[in-house]
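Give me coordinates for this.
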Amino acid sequence: MSCASAGNCAVGGDYIDQADNTQGFVASERDGRWGKAIEVPGLAALNTGGFAFVFSVSCPSAGSCAAGGYYRDRHGQQGFVAVEKNGRWGRAINVPGLGALNTCPARN
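Coordinates of the predicted model:
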């Protein structure tokens, strides 16, 4: 959880969907009112291994946040980031260049 100011926060975490997969979510608070929790946009498409988590959220200003975490695909665990701008969450993307570093087969 991160708060840019009192009443302007964001939180992230995980939940289990109907297919028994772990998915990442985010929710934002604006002017003291929490919005509905949503699946991180685009994360389900990346998360082909059915195991995704949001581990960190940071908000430098109200309505502008970033979330990071990991998901599992056929290559193992991968890192993702998603950005909120003007109160709207953008699509999760794989952290550029991380795949080249993520080479330990025992951890994937």
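
As a check, name the ranges of all helices in this protein.
Taking DSSP state H as the criterion, the chain carries its helices at 43-46, 98-101.

In CSV, list those helices along with distance to residue 70 and mean neighbour count.
Using the backbone N, CA and C atoms, a C-beta is placed for each residue, glycine as well. Formatted as CSV, the helices of the chain follow (distance: least, C-beta to C-beta, whole Å; neighbours: other C-beta atoms under 10 Å):
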stretch, distance to residue 70, mean neighbour count
helix 43-46, 10, 18
helix 98-101, 10, 11
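
Of the ones you listed, which is nearest residue 85?
Of all those, helix 43-46 sits nearest to residue 85, with 17.1 Å by C-beta to C-beta.

Could you list every helix and strand in contact with the closest one?
In terms of contacts (3 or more C-beta pairs under 8 Å, 6 or more residues apart in numbering; DSSP states H and E), helix 43-46 is packed against strand 22-30, strand 64-73, strand 76-85.

In a markdown table: these, plus mean neighbour count.
Converted to a markdown table, the helices and strands packed on helix 43-46 look like this (neighbours: other C-beta atoms under 10 Å):
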| stretch | mean neighbour count |
| --- | --- |
| strand 22-30 | 20 |
| strand 64-73 | 21 |
| strand 76-85 | 18 |
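
Output those strands in TSV; the columns should cover mean pLDDT and distance to residue 100.
As requested, these are exported to TSV (pLDDT from 0 to 100; distance: least, C-beta to C-beta, whole Å):
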stretch	mean pLDDT	distance to residue 100
strand 22-30	97	23
strand 64-73	96	15
strand 76-85	94	12
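
Identify the residues contacting residue 36.
Contacts here follow C-beta atoms under 8 Å, 6 or more residues apart in numbering; on that basis residue 36 touches residue 27.

low-confidence ranges in the protein?
By pLDDT under 70, the low-scoring segments of the chain are 104-108.

wait, isn't residue 2 in contact with residue 59?
Yes. Contact criterion C-beta atoms under 8 Å: residue 2 and residue 59 qualify, at 4.3 Å.

Check the contact lists of these two and give me the overlap.
By C-beta under 8 Å, 6+ apart, residue 2 and residue 59 have these common neighbours: 9-10, 65.

Give me the residue at the spatial middle of the chain.
Nearest residue to the geometric centre of the chain (C-alpha atoms, centre = their mean): residue 54, 4.3 Å.
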